[in-house]
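> Dropping the sequence and predicted coords here.
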Amino acid sequence: MKLVGLAQLVSFMLYAILILTLFIYPQMHNKESLGFLSLPSMHHQKYEKTGLSDAFSLELKEKLEDVMNNQKLYLKHELRLDDIAELLNISRHHASQVINENFNMNFYDFVNAYRIEEAKKILLSGFESNSDSISDLAYQCGFNNRVSFYKAFKKITQTTPTEFMNKAV
């Protein structure tokens, strides 16, 4: 009986090592510096036949980061994937692919990450001393309502805006 249990344990351990070796370890060592969006770059199987080369995808990623950082598109309340595609002069599908593959997130999570980063900067720069409410802050950062802002903030920071400010003090 003990031999069967030991055999199962060894099988499980070998399986766990296989998973770590094939999936987790390569991703951990394939990270690129993307500022606050430091995520592994993954080649998604669903995009194998799209005709978008890895080199062009990386070029588009850099353009997208530049546009997001310099033009602050994320502050636009009605920002859509089509707007990003038009700015990069690519199809909507390719715009989605660039975000999915290079940032390992969907369009909305990508935009919200920038919006929450903006909110964090505002919260850390004396937000309590001005007369704006959390709803005002949410709107300033591109969100259309307080609930969406709170959900995104909590998802990204694992804390509420108030808790974030209190921890920073």
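Arrived safely.
> helix, strand or coil for Phe143?
coil (DSSP: H, G, I helix; E, B strand; the rest coil).
> measure it to His93 for me?
In this view, Phe143 and His93 are 26 Å apart by Cβ to Cβ, to the nearest Å. Every C-beta, even on glycine, is put in place using the N, C-alpha and C of the backbone.
> if you count what's nearby, which of those two comes out ahead?
The residue with more neighbours, out of Phe143 and His93, is Phe143; 25 against 13, by other Cβ atoms under 10 Å.
> Tell me who's in contact with the more buried one.
77, 115, 149, 152 (Cβ atoms under 8 Å, 6 or more residues apart in numbering).
> Next SSE downstream of the helix or strand hosting the last one?
Which is Ala152. Per DSSP states H and E: Ala152 is located in helix 146-157. Using DSSP H and E, the helix or strand that follows helix 146-157 in sequence is helix 161-168.
> which helices and strands sit right next to that next one?
Counting contacts by 3 or more Cβ pairs under 8 Å, 6 or more residues apart in numbering; DSSP states H and E, helix 161-168 is packed against helix 107-124, helix 134-140, helix 146-157.
> Just put those helices in TSV and tack on mean pLDDT.
Shown next, in TSV, are the helices and strands packed on helix 161-168 (pLDDT from 0 to 100):
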stretch	mean pLDDT
helix 107-124	96
helix 134-140	93
helix 146-157	96
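> which residues of this structure score low on pLDDT?
1-7, 9-50, 128-131, 169 (pLDDT under 70).
> What backbone torsions are found at the residue nearest to Asn144 when sequence neighbours are not counted?
What sits nearest to Asn144 in space, not counting adjacent residues and going by Cβ to Cβ, 6 or more residues apart in numbering, is His77, at 5.6 Å. His77 adopts backbone torsions of phi -60, psi -30, taken as degrees, to the nearest 10.
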